[in-house]
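Participant: predicted coordinates and the sequence they were generated for:
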Amino acid sequence: MADSSDHGNRQRRRVLILGGGFAGIGAARKLKDADVDVVLVDRNDFHTFQPLLYQVATDLLDLSAVGHPLRDLFHDQPNVAVHQATVTGIDPDAREVQFEEMTPIGYDHLVLGLGAQVNFFGVKGAAEHAFPLYTLADAARLKEHILRKWEAADRDPALIADGALNIVIVGGGPTGVESAGALAELYHSNFADDYRGIPQDAAHLTLVEAGPVLFSMFKPDIRAYTGKALAKRDVDVLLGEIVASVEPTRVRLRSGTSLPAHTLVWGAGLQANAIVQSLGVELQKGRRVGVDPDLRVPEHPEIFAVGDAAWITDSETGDVLPQLGSVALQAGEQAGENIARLLAGRQTSPFRYHDKGTMATIGRASAVIQLRRGKTIKGKAASLAWGAVHLALLSTGEDRAKAVVDWTWAGFTHERSARITVPTSPTAEEPAAGKQPLARR
Ligand SMILES: Cc1cc2nc3c(=O)[nH]c(=O)nc-3n(C[C@H](O)[C@H](O)[C@H](O)COP(=O)(O)OP(=O)(O)OC[C@H]3O[C@@H](n4cnc5c(N)ncnc54)[C@H](O)[C@@H]3O)c2cc1C
């Protein structure tokens with residue numbers, strides 16, 4: 001359906017949605033009954049449920065529980081067309097978007113929901129050797145890397161002393177803490193049984209945070225609980241330490257410490273998608289696009305920016321809203337609703353965020369929640385609430401069912417059935433006669 005010169009000729013007006021994340025899906029769904037063509041474009045043919053990526057990386061969930069086919073989400077919405085293509089630029093004056101794989105598409109209204117991307121802050125070697133956890137491919141890559149390291153150490157125990165099984169996790173926010181807790185449980189329960197010849201204390205998990213505390217966005221009682229929960233799982237926490245460089249088998253800190261580790265998980269920073277720069281407007285901190293209360297970009301009122309790519313101010317508190325799935329979904333829905341209003345000749349309305357609390361999970365039956373008015377919940381009760389809120393965010397009933405089955409099974413049995421690596425090329429499984437499979441780092 002790609003077209004390049006269609007502004008005057010189209011029968012119906014067109015809303016172009018960039019990104020099939022929480023924000024893009026929320027916007028498309030709210031346009032279900034609007035008299036408009038909706039075109040949603042994403043570089044992937046699936047929606048990624050980022051909050052559960054660490055569960056893919058630690059073998060608790062399968063890829064398909066966290067990535068859902070985008071086309072499947074709009075079977076009941078005939079006015080939506082989905083394309084898999086990579087956005088390369090936006091021309092707000094021509095009201096058109098360029099793609100790598102297809103001709104430009106014009107729009108009457110644009111919803112920019114391209115999310116964020118990893119920020120390595122220029123740390124030497126990070127782009128080459130670190131493992132970020134932002135896409136499904138990142139999670140699958142990390143999972144396979146860890147499994148291969150354990151198999152290699154099983155074959156050659158000398159690798160253990162070189163740090164083959166050690167993991168350094170960078171960032172004391174939710175991504176870093178959640179990953180550290182989940183990795184610790186994978187190591188101490190499943191791997192302890194899988195690799196009985198490798199001593200339990202041979203592998204070290206270290207969480208490195210540049211600031212003086214973990215979870216700086218939470219109240220002190222939650223921070224204290226988190227510190228204890230990580231200590232119980234044998235995660236070493238280094239505060240006030242900054243990663244200076246990442247090498248294939250070493251992580252060097254600015255303090256001079258060198259940590260032997262063949263794996264570094266990067267949970268330290270994000271910035272809005274680089275495509276936002278093509279809007280030609282002044283950007284806010286983290287490259288995010290500033291928007292009016294109704295989520296429109298002031299310089300281009302036909303463009304709505306939502307989700308992680310946007311700098312959205314809470315209309316009640318005046319605070320800038322965090323880059324969260326619930327903010328993205330609700331803002332996307334509001335953008336869709338506002339476009340439907342404009343198409344019907346009505347006024348837009350301002351975005352109001354319904355905050356269900358800030359939450360994170362550290363491990364089985366160990367989560368934390370801070371509600372809007374400051375009340376905190378910790379432990380098993382918080383874990384159940386975390387599950388309920390995240391199940392509600394999953395895009396379909398089928399995904400919810402899959403997640404419930406996997407979580408319940410893992411809860412009872414401590415099993416992680418996704419603990420396998422699958423060769424993706426025929427030669428990796430059956431090397432041709434006389435050929436050895438490629439060595440991996
Ligand atoms: C590890 C992790 C854990 C998290 N945990 C939580 C949590 O517990 N609770 C919570 O509320 N939030 C959590 N978040 C944050 C939450 O996932 C994000 O805030 C949310 O996904 C943002 O939604 P979005 O639609 O703005 O962006 P995204 O979900 O990132 O969607 C952007 C979409 O744009 C597509 N895209 C990007 N670039 C291009 C391009 N050039 N061309 C075409 N398509 C493109 C991407 O493929 C993607 O589908 C977590 C995030 C991470 C990374």
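Facilitator: Yes, it's here.
Participant: how about the residue positioned nearest the centre of the chain, what does it touch?
Facilitator: What sits nearest the mean C-alpha location of the chain, by CA atoms, centre = their mean, is Gln50, with 3.4 Å. Contacts for Gln50 were tallied using CB atoms under 8 Å, 6 or more residues apart in numbering; they are 21, 134, 325. Every residue, glycine included, has its C-beta placed from N, CA and C.
Participant: give me phi/psi at it?
Facilitator: Here is the backbone geometry of Gln50 (degrees, to the nearest 10): phi -60, psi -40.
Participant: what about it, distance to Gly332?
Facilitator: 14 Å (CB to CB, to the nearest Å).
Participant: wasn't Leu40 part of a helix?
Facilitator: No - counting by DSSP: H, G, I helix; E, B strand; the rest coil, Leu40 falls outside a helix, being strand.
Participant: so for it, what's the nearest residue that isn't a sequence neighbour?
Facilitator: Once flanking residues are discounted, Leu40 sits nearest to Ile17: 4.4 Å by CB to CB, 6 or more residues apart in numbering.
Participant: what helix or strand is the one you found on?
Facilitator: Following DSSP states H and E, one finds Ile17 within strand 14-18.
Participant: how about Lys143?
Facilitator: helix 136-155.
Participant: please identify the buried residues of the helix or strand just after that helix?
Facilitator: Using DSSP H and E, the helix or strand that follows helix 136-155 in sequence is helix 158-161. By neighbour count on 16 or more other CB atoms under 10 Å, the buried set for helix 158-161 is 159-160.
Participant: now stretch 171-191: buried residues?
Facilitator: 171-188, 190-191.
Participant: just checking, Ser245 touches Val123?
Facilitator: Yes - with contact defined as CB atoms under 8 Å, Ser245 counts as touching Val123 (6.6 Å).
Participant: settle it for me: which of those two has more neighbours?
Facilitator: Between Ser245 and Val123, counted using other CB atoms under 10 Å, Val123 has the larger neighbour count: 21 against 15.
Participant: check that one and give its pLDDT.
Facilitator: Predicted confidence (pLDDT) for Val123: 97.
Participant: likewise Asn190?
Facilitator: Looking at Asn190, the pLDDT reads 86.
Participant: how far away is the nearest residue to it once chain neighbours are set aside from the ligand?
Facilitator: Nearest residue to Asn190, sequence neighbours excluded (CB to CB, 6+ apart): Arg416, at 5.3 Å. Relative to the ligand, Arg416 is positioned 18 Å away (CB to the nearest ligand atom, to the nearest Å).
Participant: so which of the contacts of Gln50 is the closest to Glu96?
Facilitator: Gly21 (22.0 Å; CB to CB).
Participant: so Asn273 sits right up against Ala310, yeah?
Facilitator: No - assessed by CB under 8 Å, Asn273 is found out of contact with Ala310, at 10.7 Å.
Participant: okay, those two: which has more neighbours?
Facilitator: Ala310 (29 against 22).
Participant: what are the phi and psi angles of the more buried one?
Facilitator: The phi/psi pair for Ala310 (degrees, to the nearest 10) is phi -110, psi 150.
Participant: can you check Leu270 too?
Facilitator: According to degrees, to the nearest 10, Leu270 has phi -130, psi 160.
Participant: report the contact partners of the residue lying closest to it once chain neighbours are set aside.
Facilitator: Using CB to CB, 6+ apart and skipping the chain neighbours, the partner closest in space to Leu270 is Ala116 (4.2 Å). Neighbouring residues of Ala116 by CB under 8 Å, 6+ apart: 134, 270-273, 286, 308-309, 323.
Participant: how close does Ala116 sit to the ligand?
Facilitator: From Ala116 to the ligand the distance is 6 Å (CB to the nearest ligand atom).
Participant: follow-up on the earlier one: which pLDDT value goes with the residue nearest to Asn190?
Facilitator: In this model, Arg416 carries a pLDDT of 73.
Participant: which SS state does it fall under?
Facilitator: From three-state DSSP, the assignment for Arg416 is coil.
Participant: quick one: distance of stretch 238-248 to the chain centre.
Facilitator: 22 Å (CA atoms, centre = their mean, to the nearest Å).
Participant: outside of it, which residues touch it?
Facilitator: Counting by CB under 8 Å, 6+ apart, 123-126, 128-130, 168, 170, 172, 206-214, 251-255, 257, 262, 264, 268, 441 sit against stretch 238-248.
Participant: which among those residues count as buried?
Facilitator: 123, 125-126, 129-130, 168, 170, 172, 206-210, 213-214, 251-253, 262, 264, 268.
Participant: got the phi and psi for the single nearest residue of the stretch 251-400 of the chain relative to the ligand?
Facilitator: Residue of the stretch 251-400 of the chain nearest the ligand, by CB to the nearest ligand atom: Gly307 (2.1 Å). Dihedral pair for Gly307: phi 70, psi -150, per degrees, to the nearest 10.
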